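Enquirer: here is a sequence together with a model predicted from it:
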Amino acid sequence: MRQSQQLIPTLKENPADADVASHRLMLRAGIIRQVASGLYSWLPLGLRVIRKLENIIREELTTSGAQEVLMPVVQPAELWQETGRWSKMGPEMLRMKDRHDRDFCLGPTHEEVITDLFRRDIHSYRQLPCNFYQIQTKFRDEIRPRFGVMRAREFTMKDGYSFHADQACFDATYQEMYDCYERILRRMALDFRAVEADTGSIGGANSHEFHVLADSGEDLIAYATGGDYAANLEKAAAAPPAGRPEAAEALEKVATPNQTSIADVAAYLNIPETRCLKTLIVQGAPEAEAQDERRTHEDSRPRLVAMVLRGDHELNEIKAQKLPGVANPLRFADDDEIQAVTGCVPGSIGPLGLKIPTYVDRDAAAVADFVCGANEEGVHYRGANWVRDQPLAETDVVDLRNVIPGDAAPDGGGELQFLRGIEVGHIFQLGTVYSEPMQAKVLDQNGRSVTPIMGCYGMGVTRLVAAIIEQNHDEVGIIWPEPVAPYLVHVVALNYGKSDAVRKAADRLYDVLRERNLEVLLDDRDERPGVKFADADLIGIPHRITIGDRGLKEGRLEYLIRGAAEAETLPLDEIVSRLAG
Ligand code: ATP
Ligand code: MG
């Protein structure tokens with residue numbers, strides 16, 4: 001392609017409010033333009049990269065035996081009502097009505113639609129397993145779209161769904177998809193890590209995420225320094241603590257005037273934060289409220305649940321909101337609600353004698369002689385002990401916290417350390433959470449009707465473009481890895497408009513490279529050399545050949561691999577044979 005005929009509107013200046021390198025470079029290199037918050041147009045250069053990624057994904061999925069379909073972006077509410085997700089999804093799902101006043105949404109994902117397709121057309125175990133995928137637009141009304149296409153509202157996803165008559169068959173396909181994702185990301189030259197993950201609103205039992213490692217990543221990954229364990233912080237668990245020491249101190253109340261935070265109380269009583277327990281109060285689940293027969297209509301107090309953690313630990317909200325009786329999504333009680341239910345201000349709440357359901361983190365349950373709020377303003381207990389001073393049911397002791405660097409790894413593989421990652425893929429073991437409510441059934445070998453086991457497999461195509469740039473850039477621009485580059489070769493012709501020699505040589509080289517099926521961008525624009533070089537650095541095409549009058553006279557041209565320290569000066573034939581080789 002001739003650069004004079006392709007829209008590549010590069011920008012010299014860094015755009016305001018682009019916080020990460022990939023977003024800045026995608027705007028500056030003329031890859032994307034924002035239409036509205038979280039909505040982008042892809043310009044020719046960017047679209048070429050998307051097509052490269054799609055091709056790699058298609059090739060590897062085909063190798064894995066998946067078949068491509070295309071489902072609609074707009075989906076009827078009825079399907080989502082069957083699985084209960086029409087009400088569960090919340091405002092991330094954009095809903096609308098058609099002219100007949102019927103409810104629809106813009107598809108944030110396609111489990112319902114594919115399960116509907118399946119139940120209409122697949123009836124026998126002989127047709128299983130089957131594995132469908134599509135590469136298609138998704139819409140999620142993200143609360144805070146950010147980092148350009150990394151967290152957009154409209155984006156392209158490869159989503160796949162598999163169906164199986166039995167668990168063994170499912171397990172084999174899940175492993176195949178895991179391996180396939182590794183092959184895809186390797187072909188894109190990415191440095192990545194697969195980790196255990198939370199299943200979020202998609203549901204199911206287990207899942208794995210694939211993270212491109214980058215300091216700008218939104219996710220924290222905990223990995224074992226001496227083993228294979230790796231998990232998203234949302235899901236990561238440390239090894240359980242060893243038992244609890246014996247009680248050694250007597251229980252006493254101490255005045256702690258105006259000391260409300262853990263840091264304040266620990267400093268005031270001269271005790272480490274690891275021996276201070278903090279008590280957080282959250283909303284209870286509405287269902288539990290309805291089922292609680294002891295509650296009368298007059299009792300309008302909110303139903304609350306306490307979460308007890310060691311002072312130096314943080315609550316993991318994902319773990320907390322999954323507990324029975326806890327509101328999902330998690331919502332912290334406000335000061336008035338806490339006061340109304342416990343009769344005490346939040347800073348002095350503690351588990352001893354607290355008359356609401358209480359969950360205790362495993363590590364908090366392993367502390368003896370601890371300090372905690374005494375449920376009286378400005379008063380704490382010290383020398384408090386579980387069992388002796390407060391009963392502790394085994395079922396109330398759970399993993400509630402975020403792991404921290406240095407925690408013992410759960411698989412005994414050394415300690416946990418953190419990395420930052422960009423989630424580019426997520427595969428789920430769905431079990432029958434969609435096939436069951438939607439009554440998808442097949443007949444097995446014995447003529448019995450069975451509910452198929454499902455898997456689902458997502459990969460963020462447009463997010464991948466940004467992730468690739470995060471890992472492949474320098475201070476002057478993008479450095480595209482060859483397999484995903486928009487073009488392989490950039491021929492930069494200096495003085496193309498004025499020098500016959502340059503124009504002829506550049507045109508000839510352009511033809512020669514194209515005859516050899518190499519993708520070439522010819523900079524035939526009427527721009528100064530400085531502008532051309534700066535744009536070439538910014539756009540980041542892997543191989544650059546510069547043609548100018550001086551080089552032509554000497555019979556040698558400048559050849560630069562983007563990202564290499566120095567250019568080489570070589571005869572044209574040698575450059576061509578290197579590229580074609
Ligand atoms: P996140 O935690 O980043 O919101 P998710 O868990 O909601 O992701 P999935 O439902 O697993 O994402 O979607 C599959 C893939 O789609 C993700 O791994 C990611 O690559 C991509 N993706 C999800 N949300 C977005 C978005 N808002 N913008 C761009 N890509 C996205
Ligand atoms: Mg999401």
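Expert: Perfect, thanks for sending it. Ligands and ions are numbered 1, 2, ... in the order given.
Enquirer: is any part of stretch 219-236 close to ligand 1?
Expert: No - Stretch 219-236 stays clear of ligand 1 (Cβ under 6 Å from any ligand atom), getting no nearer than 7.2 Å. Just so you know, the C-beta spots here come from the backbone N, C-alpha and C atoms, and that holds for glycine as well.
Enquirer: what's the mean pLDDT across that stretch?
Expert: Looking at stretch 219-236 alone, the average pLDDT works out to 95.
Enquirer: how about stretch 137-149?
Expert: Confidence over stretch 137-149, taken as the mean pLDDT, stands at 97.
Enquirer: what do you get for stretch 272-286?
Expert: Across stretch 272-286, the per-residue pLDDT values average to 95.
Enquirer: and it, end to end?
Expert: Stretch 272-286 has its terminal residues 37 Å apart, counting by Cα to Cα, to the nearest Å.
Enquirer: spatially nearest residue to Asn232, not counting backbone neighbours?
Expert: Leaving aside its chain neighbours, Asn232 sits nearest to Ala197 (4.6 Å; criterion: Cβ to Cβ, 6 or more residues apart in numbering).
Enquirer: quick one: that neighbour and ligand 1, what's the gap?
Expert: Between Ala197 and ligand 1 the computed distance is 8 Å (Cβ to the nearest ligand atom, to the nearest Å).
Enquirer: His208 is in contact with that residue, correct?
Expert: Yes - with contact defined as Cβ atoms under 8 Å, Ala197 counts as touching His208 (6.0 Å).
Enquirer: overlap of the contact sets of these two?
Expert: Overlap between the neighbourhoods of Ala197 and His208 consists of His426, taking contacts as Cβ atoms under 8 Å, 6 or more residues apart in numbering.
Enquirer: the more surrounded of the two?
Expert: Comparing Ala197 with His208 by neighbour count (other Cβ atoms under 10 Å), the higher total belongs to Ala197, at 24 against 21.
Enquirer: let me see the contact set for that one.
Expert: Each residue near Ala197 by Cβ under 8 Å, 6+ apart is listed here: 207-209, 231-232, 234-235, 426.
Enquirer: in CSV: those, plus secondary structure.
Expert: Putting the contacts of Ala197 into CSV (DSSP: H, G, I helix; E, B strand; the rest coil) gives the following:
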residue, secondary structure
Ser207, strand
His208, strand
Glu209, strand
Ala231, strand
Asn232, strand
Glu234, coil
Lys235, coil
His426, strand
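Enquirer: of those residues, closest to Glu337?
Expert: Comparing the contacts of Ala197 against Glu337 with Cβ to Cβ places Glu234 closest, at 26.2 Å.
Enquirer: rewinding a little: out of the contacts of Ala197, which end up buried?
Expert: Restricting these to buried positions leaves 207-209, 231-232, 234-235, 426, with burial counted as 16 or more other Cβ atoms under 10 Å.
Enquirer: export those residues to TSV and tack on distance to Gly311?
Expert: Converted to TSV, the buried ones among the contacts of Ala197 look like this (distance: Cβ to Cβ, whole Å):
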residue	distance to Gly311
Ser207	32
His208	33
Glu209	31
Ala231	24
Asn232	25
Glu234	22
Lys235	23
His426	34
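Enquirer: Arg331 contacts Gln283, correct?
Expert: Yes - under the criterion of Cβ under 8 Å, Arg331 is in contact with Gln283, at a separation of 4.4 Å.
Enquirer: for the closest residue to Pro452 other than its chain neighbours, name its beta-bridge partners.
Expert: Of all residues beyond its chain neighbours, the one nearest Pro452 is Phe163 (4.4 Å), with distances taken as Cβ to Cβ, 6+ apart. As for beta bridges, Phe163 partners with Cys130, Met454 under DSSP bridges.
Enquirer: does Arg310 have any beta-bridge partners, and if so which?
Expert: Using DSSP bridges, the bridge partners assigned to Arg310 are Leu277.
Enquirer: how near is it to ligand 1?
Expert: If you measure Arg310 against ligand 1 using Cβ to the nearest ligand atom, the figure is 27 Å.
Enquirer: same check on Arg85?
Expert: For Arg85, the distance to ligand 1 (Cβ to the nearest ligand atom) stands at 13 Å.
Enquirer: one more: Ala320?
Expert: If you measure Ala320 against ligand 1 using Cβ to the nearest ligand atom, the figure is 18 Å.
Enquirer: hmm, Leu354 is touching Thr279, no?
Expert: Yes - Leu354 is within contact range of Thr279, at 7.3 Å (criterion: Cβ under 8 Å).
Enquirer: shared neighbours of these two, anything?
Expert: When contacts are counted by Cβ under 8 Å, 6+ apart, Leu354 and Thr279 are jointly contacted by Ala306.
Enquirer: right, I'll call it a day here.
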